[in-house]
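>>> Take this sequence and fold it.
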Amino acid sequence: MNNLAERKNEGKLRWRNFPLFLLKPLMEVAQFGEGKYETYNYLKGGSQNQYLDCIKRHLEKYESPFENDLDDESNVSHLAHVAWNALVAIYMLEHHPELDDRYKLPVEDENNINLEIF
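This is a model prediction of the structure:
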């Protein structure tokens, strides 16, 4: 007989697969941003192109053999800045789709039906 408490966790997210230590660099970026701007500034909203520009700038600096791996201003990894901006971009797509200013062409599905993507 099992003496452990019964839990109904089937189909729920298994947070154990995402250890919190992985978030430390992202928290450092968020904390830097809070000091530079204000608490929850990112929740005010921003365009997708704004976040894509930030992602590309930090990725370019990370890739460059002539640049430091750490951001000059925050002293945090450029890759952490890439990840932070990607997460905020995902949040914006879900919560502020009206701010999606990417240039998108109509696409066709597998049945050659024209679909608009916004």
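>>> What separation is there between the spatially most central residue of the chain and Ala5?
Central residue of the chain (CA atoms, centre = their mean): Leu87, 1.3 Å from the mean position. The gap separating Leu87 from Ala5 is 33 Å, by CB to CB, to the nearest Å. Every residue, glycine included, has its C-beta placed from N, CA and C.
>>> Give the other helices and strands that the strand or helix carrying Asp53 contacts.
Asp53 belongs to helix 48-63 when assigned by DSSP states H and E. On a contact count with 3 or more CB pairs under 8 Å, 6 or more residues apart in numbering; DSSP states H and E, helix 48-63 meets helix 78-95.
>>> orientation of the helix it packs on relative to helix 48-63 in degrees?
160 degrees (axes from the mean of the first three to the mean of the last three CA atoms, to 10 degrees).
>>> following helix 78-95, which helix or strand comes up?
As assigned by DSSP H and E, the chain's next helix or strand after helix 78-95 is strand 107-108.
>>> remind me which residues of the protein are low pLDDT?
Along the chain, segments meeting pLDDT under 70 span 1, 109, 112-118.
>>> 90 instead?
Applying pLDDT under 90 to the chain flags the ranges 1-4, 6-9, 14-18, 104-118.
>>> gap between the helix holding Asp53 and the chain center?
From the chain centre to the centre of helix 48-63 is a distance of 12 Å (CA atoms, centre = their mean, to the nearest Å).
>>> if we can go back for a sec, excluding chain neighbours, what is closest to the residue nearest to the centre of the chain?
Spatial nearest neighbour of Leu87, excluding adjacent residues (CB to CB, 6 or more residues apart in numbering): Leu26 at 7.1 Å.
>>> again with Ala83
Leu26 (5.8 Å).
>>> roughly how far apart are the one you found and Ile55?
The value you get for Leu26 to Ile55, if CB to CB is used, is 14 Å.
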